[in-house]
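> sequence and predicted structure are below.
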Amino acid sequence: LPQQQFSQLMPAAFENLISISDSKSPFYEVCTKHFIHSVFHRFPTNFIDGLKLCLAGCDTKSTPEFIFDKIIEQLGADKMDAKDSKPEYTVDITTASFNS
């Protein structure tokens, strides 16, 4: 799908994710994967919008904490100190100002 279609689906995927109370549910896992995939689809295009959704959800305490762990993992930020680390996605000044 084109990046714009993913950005339009991202709020729905996020709402589905935060509305499920059973974190062990298969549907919860599917929604998590769908949301994370949409955040990183055609990176960095959808990244800023996805991060905004997550941060806005913090205001209501609805964003699951592990979502940030997933984002950190996808960015490879959990391995920043490893000398041979080659993250799939790179956040730099260009990425940070991409959607500003």
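Thanks, I have the structure now. Numbers count the residues shown, from 1 in each chain.

> how distant is the longest helix seen in the chain from the center of its chain?
What stands out as the longest helix in the chain, according to DSSP state H, is helix 3-19. Between the centre of helix 3-19 and the centre of its host chain there is 10 Å, according to C-alpha atoms, centre = their mean, to the nearest Å.

> so which strand or helix has residue 54?
Secondary-structure element containing residue 54, defined by DSSP states H and E: helix 47-59.

> got the buried residues for that helix?
Residues of helix 47-59 classed as buried: 47-51, 53-54, 57 (neighbour count, 16 or more other C-beta atoms under 10 Å). Just so you know, the C-beta spots here come from the backbone N, C-alpha and C atoms, and that holds for glycine as well.

> distance of residue 37 relative to residue 61?
When distances are taken as C-beta to C-beta, to the nearest Å, residue 37 and residue 61 turn out to be 24 Å apart.

> which one's more surrounded, these two?
With other C-beta atoms under 10 Å as the criterion, residue 37 and residue 61 differ in neighbour count, and residue 37 comes out ahead with 14 against 9.

> for the helix or strand the more buried one falls within, packing partners?
Taking DSSP H and E as the definition, one finds residue 37 inside helix 26-40. Under the contact criterion of 3 or more C-beta pairs under 8 Å, 6 or more residues apart in numbering; DSSP states H and E, the helices and strands touching helix 26-40 comprise helix 3-19, helix 47-59, helix 65-75.

> run through the chain and note the low-pLDDT ranges.
Across the chain, residues meeting the criterion (pLDDT under 70) sit at 1, 3, 80-100.

> what about 80?
When the per-residue scores of the chain are filtered using pLDDT under 80, the ranges that remain are 1-6, 77-100.

> enumerate the positions of stretch 6-25 that are buried.
Within stretch 6-25, the residues scored as buried using 16+ other C-beta under 10 Å are 6-7, 9-10, 13-14, 16-18, 20.

> got the phi/psi numbers for residue 60?
Torsion angles at residue 60 (phi, psi; degrees, to the nearest 10) stand at phi -100, psi 10.

> ok, it to residue 50 distance?
Applying C-beta to C-beta, the value for residue 60 to residue 50 is 17 Å.

> put the alpha carbons of stretch 69-82 into PDB.
Output of stretch 69-82 as PDB, limited to C-alpha atoms (Å, rounded to 0.1, in the frame of the first residue of the first chain):
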ATOM      1  CA  ASP A  69       9.900  -1.000  23.600                       C
ATOM      2  CA  LYS A  70       8.800  -2.200  20.200                       C
ATOM      3  CA  ILE A  71       9.700   1.200  18.600                       C
ATOM      4  CA  ILE A  72      13.100   1.200  20.400                       C
ATOM      5  CA  GLU A  73      13.700  -2.400  19.100                       C
ATOM      6  CA  GLN A  74      12.700  -1.500  15.500                       C
ATOM      7  CA  LEU A  75      15.100   1.500  15.600                       C
ATOM      8  CA  GLY A  76      17.900  -0.600  17.000                       C
ATOM      9  CA  ALA A  77      18.200   1.800  19.900                       C
ATOM     10  CA  ASP A  78      18.500  -1.000  22.300                       C
ATOM     11  CA  LYS A  79      21.800  -2.000  20.700                       C
ATOM     12  CA  MET A  80      23.300   1.500  20.300                       C
ATOM     13  CA  ASP A  81      26.300   0.600  22.300                       C
ATOM     14  CA  ALA A  82      27.200  -2.400  20.200                       C
END
